[in-house]
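Q: just need the structure, nothing else, for what follows:
(one chain, ligands or ions: 1)
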Amino acid sequence: MSDELIAKIDKAHKVVCDLCSGKRKWIMSIPAQPNDDPDLIIGESLREARAEIISLHSRVEELEAGDRSTYCAYCGQSFPADASDSAELVGEHILACEKHPIFQLRQQVAALEDRNLDYDVKCTKLRNELIAAESRATTAEAQVKELIEAGNEMSRQASYSRWIPEQWAELVAKIGGKQ
Ligand SMILES: [Zn+2]
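A: Sure thing, here's the model as predicted:
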């Protein structure tokens, strides 16, 4: 409350005392004399005191409401602490508040998830390449086995071709010998 208003109230009080004790008369001047007419002095102090009371009362309500509110320690936004959706509002704010550490952590996690996705894609590509390489190796091994088989078969045929004429000559010699 301002000193000026207190002085006006004190003056109004003195005017009332003076009126009661007969030191002052109830005068309503024409034109009005705001500094001298008792009705104006008393009326103005009452009006201003009323406005001050209303203002102080609403400030008290604000302060009391402040005690029932909570706020974000990082950006200062306040929330009613006793509303049915208070927890929800605070929770939503924490996730959206750019000054809250959780916001930064979520961004870091998102970046890591992106990188992880990248690694997954690369891993899948490498795995597919490995499977293809294994398949080519298996095919190559089978071809080598076929070639070895073919080589063995050719050697066998080659030894038959050597064997058969030798045996044949021996047989012929034996037959010739008997004859
Ligand atoms: Zn915040």
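
Q: please enumerate the strands of this protein.
A: 69-71, 78-80 (DSSP state E).

Q: so how far is the first one off the chain centroid?
A: Which is strand 69-71. Counting by CA atoms, centre = their mean, to the nearest Å, strand 69-71 is centred 21 Å from the centre of its parent chain.

Q: kindly report the same for the last one.
A: The gap between the average C-alpha position of strand 78-80 and the chain average comes to 20 Å, counting by CA atoms, centre = their mean.

Q: the ion contacts on the protein?
A: 72, 74-75, 97 (CB under 5 Å from the ion). Just so you know, the C-beta spots here come from the backbone N, C-alpha and C atoms, and that holds for glycine as well.

Q: and those, which of them are buried?
A: The neighbour count (16 or more other CB atoms under 10 Å) marks Cys97 as buried among the residues of the chain next to the ion.

Q: so of the residues of the chain next to the ion, which ones are in helices?
A: With DSSP state H as the criterion, helices contain none of these.

Q: who does the lowest-mean-pLDDT helix or strand in the chain pair up with?
A: The weakest-scoring helix or strand in the chain, judged by mean pLDDT, DSSP states H and E, is strand 69-71 (a mean of 80). When pairing is defined by DSSP bridges, strand 69-71 lines up against strand 78-80 (antiparallel).

Q: any idea of the mean pLDDT in the partner strand?
A: In this model, strand 78-80 has an average pLDDT of 83.

Q: kindly report the same for stretch 133-142.
A: For stretch 133-142, the mean per-residue pLDDT is 94.

Q: low-confidence stretches in the protein?
A: Where the chain drops to pLDDT under 70, the residues are 1, 66-67, 160-163, 177-179.

Q: many thanks, we can stop here.
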